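**Student:** Here you go, sequence then predicted model.
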Amino acid sequence: MRTIEIFDTTLRDGEQSPGVNISTNEKVEIALQLEKLGVNRMEAGFAAASPGDQKSVAEVAKRVKNATVVSLARAVKDDMDKAYEALRNAQNASLHVFLATSPIHRQFKLNMSKEEVLARAVEAVTYAKKYFKEVQFSAEDAARTEIDFLAEVVEAVIKAGATTVNIPDTVGYMTPYQYGNIFRELKKRVPSTDLIRLSCHCHDDLGMAVANSLAAVEGGATQVEGTINGIGERAGNAALEEVALALETRKDYYQATTKLNLKEIARTSQLVSRLTGMIVPGNKAVVGANAFAHESGIHQDGVLKEVTTYEIIRPESVGFKSNKLVLGKHSGRHAFKEKLIDLGYHLEQEEVNAAFAAFKVLCDKKKEISDDDILALVDSKMVRGPEAFQLESIQLAYGNISVPTASVRLVRADGSVCEEAACGNGSVDSIYKAIDRATGEEVSLVDYKILSVTHGQDALGEVFVRLQQDDLIVTGRGVSTDVLEASAIAYVRAVNKIMERRGEPAPVSATI
Ligand code: KIV
Ligand code: ZN
C-alpha cells in the first residue's frame, strides 16, 4: 500500500475563488483545522502578492507545528525573498516556485523561448535552495506542454535541487487517461523522479479534477494537491475530501491511502464553507447535506435491512454524527462545555461563558438545540478580527402597502454610538441603507444568501452577504432565529472586514 501525501491549497488557490477574501485570523483558524485533518503540506498564501498575504503566511507559519507551511512564489528573486521572510518562524517550511512551460504561456504570457524558460526554472530552484531544504517547482500549464520539453524541465529542476515537482493541469483540460499517461511517461523518461515527490494539481473546468488526480496517482504521482470542498480559481480545484475518500474506499483498487484523519473532514468542510461563504451544494460528494440521505422507499428499505446495500461510506467515518439531538433549556454549563469540546472547540472560559449565555437565549426561542445549531451559534459569536462596528439593535416598520423603514444602532470600537434610519424597497434593503448611513461606508451588495441551519419553524437562519468596495470583495455571515437580524449582523461583519482589509484604525466618534 502506497502512502499519498496531501498538499492543501485552500488558503491560496482556494482563496482565488471569485469573491472569496479570507482574513488573516480566519486563515489561521482554517490552517489549525487543516493541521487536525492531518494534511502533509498547506499552502498558506502567496507572500509577495500583498502585505496582507505576507502577514497571513507569517501568522500561519507561526501557529502550525505539524504540517509543512508553504508559500507560493513566481520564479523571481523578490518573490522568493518575501516568501522566505514570511516563513521565517515556521517549524517546517517549503517554497513553491512556479513558471509556465506550455507553448501558449511561453508565447503569449512570458514571451520566452524554451531555452529561456528552462534556464529561469533552474536559476529559480537554485536560488530557492539557498533558503529552503524543501523546494517545490511547478511547471504551470504542464498538462499542455510538449512531453519532451516537460521531461527536460523536470529533469533539470530535480538536478538543481527541487524536492517536489508538480505537474499542474492549470486549465482543467485533461482527461484522466491523458493525465495519468503524463505521469507514466515522466517516470519512464526521468528516472530521478523516483527520488522526489511527484505531485498532481488539477482544476475542475471540465468536472474531472478528482478523476484526473486519481489517474495521476495510478500513473505514479506521490502527492495530490487540492482544496477543501473543491473551491478555487474558476470551476475550482480537486476536492481533497473526495480524493481521500476515493483512495480509502477503493484501496482494494488504488493500493494507496493517505494519512488524513478522515473523521475531521465534515468539520473542515463546514468551517471552510462558513468562513469563505462558499456554500456546499446538497448533492456534493462526501460532504453535501444529501450525501448520506436515502430518499426512495426501495433504498430506505435496503439500508434498513443492510446498510451496505446503498451506502459505500459511513457518515460517521467522515465525522458526521448520527445522533445530533443534544441540549435543551435544562442543560447546564458543564454539559454545554463538554459539548463544545466534543464539537472540537477549545475555548477560553470567557468565551465559553459568552457562548453559554447565547445558548440560553437561543433555548428560549428554540426547544431542541442540535449540534448544527451550536456550531452555527458559537461560530457566529467568535470574533475573528477587529470589529469597527457592532450591531446593538434594529427597529423595523414594515407593511405591504407602506414603505419599509429601518433604524439601526451601532457601537463603534471606542464605545461611541451611531444611530441612523432609512427607507428602502424592502425590509433588508432599508436595514442595509440605514447601516450604510451609520458607518459612512460606500459599499455594494453583490450577493445575499439565506439558509436554514436546521429544520422546523424555529430553525436558526444563516445569512451570507458579499460586499464590494472598489476592487475589494468580502463576505460576512450572521446567524439568528430572526433572519432580518441575521441579515444585519452579516452586513456589519462584512463592513468590518472591509475596514480591516484597508488597514484602517477603527473609526472614532466625531464628538470625542
Ligand atoms: O494551477 C496552477 O497551475 C497553479 C500553480 C501556481 C501551481 O495553481
Ligand atoms: Zn491551481
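**Tutor:** Cool, the structure landed. Ligands and ions are numbered 1, 2, ... in the order given.

**Student:** Below-threshold pLDDT in this structure: ranges please.
**Tutor:** Within the chain, the stretches with pLDDT under 70 are 322-326, 383-385, 504-512.

**Student:** who in it is up against ligand 1?
**Tutor:** Applying C-beta under 6 Å from any ligand atom, we find that the chain lies next to ligand 1 at 13, 72, 98, 138, 140, 166, 168, 170, 201, 203. No exception for glycine: its C-beta is placed from N, CA and C like everyone else's.

**Student:** For the spatially closest residue to the fifth one that is not a sequence neighbour, which residues are in contact?
**Tutor:** Going back to what we said before, that points to residue 140. Using C-beta to C-beta, 6 or more residues apart in numbering and skipping the chain neighbours, the partner closest in space to residue 140 is residue 100 (3.9 Å). Residue 100 makes contact with 106, 109-110, 117, 139-141, 170, according to C-beta atoms under 8 Å, 6 or more residues apart in numbering.

**Student:** go with 7 Å
**Tutor:** By C-beta atoms under 7 Å, 6 or more residues apart in numbering, residue 100 lies in contact with 106, 109-110, 140-141.

**Student:** So which of those sit within helices?
**Tutor:** Among these, the subset assigned to helices under DSSP state H is empty.

**Student:** what about burial for those, which qualify?
**Tutor:** Using 16 or more other C-beta atoms under 10 Å as the burial test, the contacts of residue 100 include 106, 110, 140-141 as buried.

**Student:** Which member of these is positioned nearest ligand 1?
**Tutor:** Of all the buried ones among the contacts of residue 100, residue 140 has the smallest distance to ligand 1: 4.3 Å, by C-beta to the nearest ligand atom.

**Student:** what does the helix or strand that residue 60 is a member of contact?
**Tutor:** Counting by DSSP states H and E, the element that carries residue 60 is helix 51-63. Residues from elsewhere that reach helix 51-63, judged by C-beta under 7 Å, 6+ apart: 24, 27-28, 31-32, 44-47, 69, 71, 82, 86-87, 89-90, 93, 501.

**Student:** Would you convert the contacts of residue 100 into TSV that also reports distance to residue 464?
**Tutor:** Formatted as TSV, these follow (distance: C-beta to C-beta, whole Å):
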residue	distance to residue 464
106	41
109	35
110	38
140	32
141	33
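
**Student:** Please report how far the residue nearest to residue 140 lies from residue 169.
**Tutor:** 13 Å (C-beta to C-beta, to the nearest Å).

**Student:** cool, residue 340 as well?
**Tutor:** Taking C-beta to C-beta, one finds residue 340 at 41 Å from residue 169.

**Student:** okay, those two: which has more neighbours?
**Tutor:** Between residue 340 and residue 169, counted using other C-beta atoms under 10 Å, the more crowded position is residue 169 (28 against 20).

**Student:** Setting aside sequence-adjacent positions, which residue approaches the more buried one most closely?
**Tutor:** Excluding the flanking residues, the one nearest residue 169 by C-beta to C-beta, 6+ apart is residue 143, at 4.0 Å.

**Student:** so who does that neighbour touch?
**Tutor:** 167-169, 173-174, 179, 182.

**Student:** try 8 Å
**Tutor:** Counting by C-beta under 8 Å, 6+ apart, residue 143 has contacts 102, 167-171, 173-174, 178-179, 182.

**Student:** What remains of those residues if I keep only buried residues?
**Tutor:** For those, buried by 16+ other C-beta under 10 Å: 102, 167-171, 173-174, 179, 182.

**Student:** show me where the stretch 351-500 of the chain has helices.
**Tutor:** 371-381, 427-439, 483-502 (DSSP state H, counting those that start in this stretch).

**Student:** just to revisit the earlier point, return a ChimeraX selection command for the buried portion of the contacts of helix 51-63.
**Tutor:** To isolate the buried subset of the contacts of helix 51-63 in ChimeraX, counting by 16+ other C-beta under 10 Å, use the following:
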select :24,27,28,31,32,44,45,46,47,69,71,82,86,87,90,93,501
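
**Student:** Sort out which of the contacts of helix 51-63 are in strands and list them.
**Tutor:** By the criterion of DSSP state E, membership of these in strands covers 44-45, 69, 71, 93.

**Student:** quick revisit: looking at the residues of the chain next to ligand 1, which is nearest residue 295?
**Tutor:** Closest approach between those and residue 295, by C-beta to C-beta: residue 203, at 31.9 Å.

**Student:** and the closest residue to that closest one other than its chain neighbours, helix, strand or coil?
**Tutor:** Leaving aside its sequence neighbours, residue 203 sits nearest to residue 172 (C-beta to C-beta, 6+ apart; 3.7 Å). Classification of residue 172 using DSSP: H, G, I helix; E, B strand; the rest coil returns coil.

**Student:** The chain should start at 52 in everything you say after this.
**Tutor:** With the count now opening at 52, the last piece we talked about shows up as residue 223.

**Student:** How about the contacts made by residue 223?
**Tutor:** Residue 223 sits in contact with 253-257, 259-260, 285-286, where contact means C-beta under 8 Å, 6+ apart.

**Student:** Neighbours of residue 440, how many?
**Tutor:** 23.

**Student:** Tell me what the closest residue to it other than its chain neighbours is bridged to.
**Tutor:** Among residues not flanking residue 440 along the chain, residue 461 sits closest, at 4.6 Å (C-beta to C-beta, 6+ apart). Counting by DSSP bridges, residue 461 is bridged to residue 442, residue 469.

**Student:** Run through the residues that contact residue 461.
**Tutor:** Taking C-beta under 8 Å, 6+ apart, we find residue 461 in contact with 440-443, 468-470, 486, 489-490, 543.

**Student:** how near is it to residue 543?
**Tutor:** 7 Å.

**Student:** Find residues that contact each of the two.
**Tutor:** 440-442, 486, 490.

**Student:** Present the residues you listed as JSON lines; the columns should include distance to residue 478.
**Tutor:** Putting the shared contacts of residue 461 and residue 543 into JSON lines (distance: C-beta to C-beta, whole Å) gives the following:
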{"residue": "440", "distance to residue 478": "20"}
{"residue": "441", "distance to residue 478": "21"}
{"residue": "442", "distance to residue 478": "15"}
{"residue": "486", "distance to residue 478": "13"}
{"residue": "490", "distance to residue 478": "19"}
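
**Student:** Quick one: buried ones out of those residues?
**Tutor:** Buried members of the shared contacts of residue 461 and residue 543, scored by 16+ other C-beta under 10 Å, are 440, 442, 486, 490.

**Student:** Now do the contacts for the last one.
**Tutor:** Spelled out, that is residue 490. 439-440, 461, 469, 543, 546, 558.

**Student:** Check these and tell me the two furthest apart.
**Tutor:** 543 and 558 (13.0 Å).

**Student:** the more surrounded of the two?
**Tutor:** Here residue 543 and residue 558 are compared on neighbour count by other C-beta under 10 Å; more neighbours surround residue 543, at 25 against 17.

**Student:** Just give the number of residues close to residue 533.
**Tutor:** 12.

**Student:** What of residue 77?
**Tutor:** Residue 77 has 23 neighbouring residues, counting by other C-beta under 10 Å.
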